[in-house]
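Asks: Task: produce atomic coordinates for the following.
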Amino acid sequence: MALTTTVNRIRGVLEREFRTHIDMADWKSRPAEHAEGAFLSRALAAQCIKSYAGVEPKIAASALVDGMDDGGIDAIYFDAPTDTMFIVQSKWTSQGNASFDEGVISKFVNGVRRILAADFSHFNTKVQTKAPEIREVLYSDRAVRIRLLTVHTAKQPLGPHVRRVIDNFVTELNDPVAIADHVDIDQSGVYNLITAESRDSKIRLQAVLNDWGVIERPYLAYYGRVSADQIVLWWREHSNKLFSQNLRLYYQNSTVNDALSRTLNEGPENFWYFNNGITIIADRVIKGLAGAPAHKFANFTCEGASVVNGAQTVGTIGSSVDTIRPPPEAAAEDIPTWVQVRLISLEGCPPDFGRQITRAANLQNAVGTREFAAMDPLQHRLAVEFALDKRRYVYKSGETDPRGDEGCSIVEATQALACAHSVRLAVEVKREIGAIWADTETVPYTQVFPPDLSAERVWKAVSVMRIADEAIQVLRFSQAPRADLVGTHMARVVLHLVFQDPQVRLAYRSAGSFGNITETVKACVGAIFERVANYIESHHPTDYLANFSKNSMKCEALVANLNKPSQSDDHQMSLLDILK
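Replies: This is a model prediction of the structure:
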């Protein structure tokens with residue numbers, strides 16, 4: 001297809017989809033040809049939101065923020081079902097001969113930096129209108145993903161110097177936890193976006209089940225073992241599209257994924273024994289005629305397939321294919337890595353059955369690392385000691401967490417004790433508390449829960465944390481730099497510094513009652529909070545604090561800096577009145 005034909009085809013689709021939805025009032029007094037270019041550029045950004053987030057044209061158009069003082073950003077949209085924030089920069093050229101230059105991309109990157117720092121002061125009204133929604137994302141501890149999209153009608157992709165600017169920014173955002181990626185969509189990519197809806201979006205999976213079985217009533221389902229190399233092929237062809245009906249996408253850098261990867265690398269022959277398997281629902285499951293007798297193996301075709309349980313298993317296997325080693329003293333073809341798979345056909349099922357399977361498969365019989373910790377006799381001993389003090393200590397899932405003086409849970413205990421121990425563990429409970437519970441016989445678990453730990457020490461640590469957290473919530477509304485984000489994301493580092501305060505440390509480690517610990521903790525929280533906020537403003541003014549708080553090196557440097565002798569303590573008292 002000729003270049004001009006491709007551009008004209010794209011233009012026609014954008015006109016049809018977005019002409020009635022995009023506000024162009026700010027271009028009324030400008031030349032018509034310039035206004036038309038601006039419309040098409042905005043429509044390109046809206047098309048990205050429509051395609052990537054799967055929303056209607058009107059909703060996609062509402063994501064547009066293009067205009068004066070847009071900070072180089074043309075669209076912002078948060079997709080709640082997938083916890084993904086899309087930020088778009090777009091450019092329309094009728095000749096299809098120019099993409100972005102380095103200056104434009106640098107402006108875009110700086111604009112995104114300011115957004116992630118919750119600095120909306122110099123943005124236009126369109127961006128500021130979205131500030132509450134963006135703040136909710138920035139304050140969240142969920143695994144929110146940042147997707148940066150650059151879209152243009154040039155035939156060539158971004159140049160190497162231009163790409164380096166945005167790649168370096170993405171690398172920075174992904175330290176230490178991968179949360180961001182960048183996709184450059186050139187003319188060919190735009191064409192694929194506008195034609196994708198005319199293609200069948202449903203996935204067709206082929207699966208060879210070994211040692212398979214069948215359940216015919218009340219609804220048809222098959223089960224058996226699938227080799228890991230088949231799952232690799234599924235992942236390579238479809239990636240996260242496999243999970244279109246799942247509650248979760250594949251997330252890297254989780255405790256579950258680390259455990260899966262260790263088994264794949266250290267003992268792949270044991271994977272079937274250690275893994276819960278994969279559940280796939282499909283509009284229709286067809287068994288092929290070919291196969292071996294006695295259900296040894298058979299080929300199955302799953303039309304309209306979706307993995308509704310086992311996203312981490314599929315993603316980890318697909319991403320680890322190059323590092324999977326064959327079992328010792330055997331060739332890979334002799335002892336493959338097996339995964340248990342269920343194929344459930346929705347043909348003939350009630351209309352809502354697929355959703356019910358998805359919910360049940362993700363919520364029933366879920367076992368997390370907390371359950372590993374619950375098997376440690378130390379946890380039971382702590383519960384008994386708490387009971388002697390007429391309090392409750394909840395360490396098993398399913399029980400109602402105590403409130404106030406009634407007691408505390410293993411979650412609160414882990415957070416408080418980790419922060420008391422070190423800044424590294426304070427960061428770990430912020431990043432992924434489950435990693436501490438994964439192995440009860442090694443560090444970091446044994447550092448948080450040493451054999452001689454007493455219920456009194458746990459209760460004191462939790463009490464300090466609760467007082468500090470209450471004070472921090474008040475300080476979020478103070479005048480300290482980025483106080484709201486510091487209070488949201490840096491609370492565990494602040495708590496670690498509170499435990500280092502001489503008076504708090506003495507009260508925490510001494511036997512007997514706390515005395516007037518509430519006022520002591522509140523007083524040092526006020527001083528520490530302001531110092532943390534000032535340090536971040538001085539050394540990391542544009543850092544995304546959700547990731548900063550999970551970076552051990554940066555947080556250790558912060559603590560080391562604040563532990564230096566202060567030249568003047570006058571400024572530390574300015575926030576104390578807020579807590580009174």
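
Asks: Tell me which residue is most central in the chain.
Replies: In the chain, the residue lying closest to the centroid (C-alpha atoms, centre = their mean) is Ala143, at 2.0 Å.

Asks: Break down the stretch 151-300 of the chain into its helices, ranges please.
Replies: 160-173, 187-196, 228-238, 255-266, 271-274 (DSSP state H, counting those that start in this stretch).

Asks: can you list the residues that contact the shortest one?
Replies: Going back to what we said before, that points to helix 271-274. 225, 228, 263-264, 337-340 (C-beta atoms under 8 Å, 6 or more residues apart in numbering). (Each C-beta comes from the backbone N, C-alpha and C, glycine too.)

Asks: can we see that at 10 Å?
Replies: Where contact means C-beta atoms under 10 Å, 6 or more residues apart in numbering, the residues beyond helix 271-274 that reach it are 225-226, 228, 259-260, 262-264, 267, 313, 317, 324, 336-340.

Asks: do the second one as well
Replies: Judged by C-beta under 10 Å, 6+ apart, the contacts made with helix 187-196 from elsewhere in the structure are 1, 3, 6-7, 9-10, 12-14, 16-17, 44, 47-48, 50-52, 90, 92-93, 96-97, 99, 149, 151-157, 183, 185, 199.

Asks: Just the buried residues out of those residues, in PyMOL syntax.
Replies: This is the PyMOL syntax for the buried subset of those, where burial follows 16 or more other C-beta atoms under 10 Å:
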select buried, resi 6+7+10+13+14+17+44+47+48+50+51+52+90+92+93+96+99+149+151+152+153+154+155+157+185
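
Asks: Show me the shaky parts of the stretch 51-200 of the chain.
Replies: Applying pLDDT under 70 to the stretch 51-200 of the chain flags residues 96, 197-200.

Asks: do you know which of the helices of the stretch 151-300 of the chain lies nearest Ala455?
Replies: Of all those, helix 255-266 sits nearest to Ala455, with 26.9 Å by C-beta to C-beta.

Asks: So which of the contacts of helix 187-196 belong to strands?
Replies: Among these, DSSP state E puts 90, 149, 151-152, 183, 185 in strands.

Asks: from these, which is closest to Arg204?
Replies: Using C-beta to C-beta, Val183 comes nearest to Arg204 of the ones in strands among the contacts of helix 187-196, at 24.8 Å.

Asks: isn't the closest one right up against Thr150?
Replies: Yes: counting by C-beta atoms under 10 Å, Thr150 is a contact partner of Val183 at 7.6 Å.

Asks: Spit out the residues that contact those two alike.
Replies: With C-beta under 10 Å, 6+ apart as the test, Val183 and Thr150 both reach 48, 88.

Asks: if you skip the residues just before and after it, what's nearest to Arg135?
Replies: Spatial nearest neighbour of Arg135, excluding adjacent residues (C-beta to C-beta, 6 or more residues apart in numbering): Ala118 at 6.0 Å.

Asks: is it true that that neighbour touches Ala131?
Replies: Yes: using C-beta under 10 Å, Ala118 is in contact with Ala131, at 8.0 Å.

Asks: ok, now which ones touch the residue nearest to Arg135?
Replies: Applying C-beta under 10 Å, 6+ apart, the residues near Ala118 are 131, 134-135, 137-139, 482, 484-485, 488, 544-545.

Asks: Now it: phi and psi?
Replies: Per-residue torsions, Ala118: phi 60, psi 30 (degrees, to the nearest 10).

Asks: how near is Asn265 to Ser320?
Replies: In this view, Asn265 and Ser320 are 7 Å apart by C-beta to C-beta, to the nearest Å.

Asks: Pull out the buried positions in stretch 112-120.
Replies: Within stretch 112-120, the residues scored as buried using 16+ other C-beta under 10 Å are 112-118, 120.

Asks: wait, I meant stretch 63-79
Replies: For stretch 63-79, burial by neighbour count (16+ other C-beta under 10 Å) applies to 63-67, 70-79.
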